[in-house]
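[1] have a look at this fold, sequence not included:
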Ligand SMILES: [Zn+2]
Ligand SMILES: [Zn+2]
C-alpha cells in the first residue's frame, strides 16, 4: 500500500454494487492528501518524464493556441445572436448546463479509459488509456506535467468541434442553434479545463485561489476525488467538478452501462496493463 493513500474503510468490492453516499463521504473526509512527500514512486510520483512524439507535441501546441482563438468568437457570436433574438436568458441556462455536460463527458471518457481497451490499443492506447491507468499508480505525476501536455490532448478534439460551431453560427441565424453552439463551446472549455482541475486536486499545496474554487465545489475537490483512487476504484469518474458523481454512484450508472456492454459481448479490460498492479 503506498504512502499516498491509506484505506481506512474497506468498501464492498463487487461490480454492480456501490457503497452508500454516507460511506463515500466518510471515506472522503478521511482521505486528506499528505503534504511534503518527496518525489519518489512511493509518494505518488514515478520519477519518470513522459514526452510526446514530435507530431503529437505539434498537435498539442497548435491546438492549444487555436482553442482560445476559436472559443472567443464562438461565445461572442452566440451571445450576439441570442441578444438579437431576445433570447439572452438562454445564455444563463447554457452555463450550468455546459458545466454538467462537461463533467458527464469527462466522466464517461474517464470510465471508458479505465474500464475498456488497453494500453496497446492503436491510437487511443498510448494517447488516452495509458495516461489514465498510469495515473492510478502515480497520481501525483500529473502535477509535474506542463500546461500544454495537460490540456493538449483535449484541445486536439475540441478544436474541430469549435470550428464546426463557428461555421454553424456563420451559416444560420436560428436561436436554438445559437444556444446549442454556446452550450457546446462552454462544454468544450469545461472539458479542456478538466485536467487542470484534476491536477489541482492532486497538488500538495494548491494556491489560496484554487482552494477557494475547490471548497465552493466549482472545480474538483481533492477529498471528493480521492475516493476514485481508493478501493474498489469504481466511483467518482467525473473529474471536472464532480457534481454528477453522487447521482451516478447512487443510480449505479456505470455498473449498468458495463452490464449492458457485457450483454453485447464487450468485456471490461481494466485488469490489464498498468491496472494489473494493485493501485494501493
Ligand atoms: Zn481513473
Ligand atoms: Zn486523479
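    Looks like it came in fine. Computed from a predicted model, the values in this text were never measured in an experiment. Ligands and ions are numbered 1, 2, ... in the order given.

[2] only C-alpha atoms from now on, for both contacts and neighbour counts.
    Will do.

[3] got a pLDDT number for the residue nearest to residue 200 when sequence neighbours are not counted?
    Of all residues not flanking residue 200 in the chain, residue 206 sits nearest, at 6.4 Å (C-alpha to C-alpha, 6 or more residues apart in numbering). At residue 206, the pLDDT value in this model is 96.

[4] what's the distance between residue 201 and residue 194?
    11 Å (C-alpha to C-alpha, to the nearest Å).

[5] also residue 265?
    31 Å.

[6] the more surrounded of those two?
    More crowded of residue 265 and residue 194, by other C-alpha atoms under 10 Å: residue 194, with 25 against 9.

[7] any idea how far the more buried one is from residue 168?
    Distance of residue 194 to residue 168, computed by C-alpha to C-alpha: 26 Å.

[8] off-centre distance for the longest helix belonging to the chain?
    The longest helix of the chain (DSSP state H) is helix 54-84. Counting by C-alpha atoms, centre = their mean, to the nearest Å, helix 54-84 is centred 20 Å from the centre of its parent chain.

[9] can you name every helix or strand that it contacts?
    For helix 54-84, the packing partners by 3 or more C-alpha pairs under 8 Å, 6 or more residues apart in numbering; DSSP states H and E come out as helix 89-115, helix 147-171, helix 175-202.

[10] what are the contacting residues of the shortest one?
    In other words, helix 147-171. With contacts defined as C-alpha atoms under 8 Å, 6 or more residues apart in numbering, helix 147-171 is touched by 59-61, 63-64, 66-67, 70-71, 73-74, 77-78, 127, 142, 177-178, 181, 184-185, 188, 191-193, 195-196.

[11] repeat the analysis, applying 6 Å as the threshold.
    If you take C-alpha atoms under 6 Å, 6 or more residues apart in numbering as the criterion, helix 147-171 is touched by 60, 63-64, 67, 74, 181, 188, 192, 195.

[12] buried stuff in that helix?
    In terms of neighbour count (16 or more other C-alpha atoms under 10 Å), helix 147-171 has its buried residues at 148-156, 158-159, 161-163, 165-166, 168-169.

[13] that helix to helix 175-202, inter-axis angle?
    170 degrees (axes from the mean of the first three to the mean of the last three C-alpha atoms, to 10 degrees).
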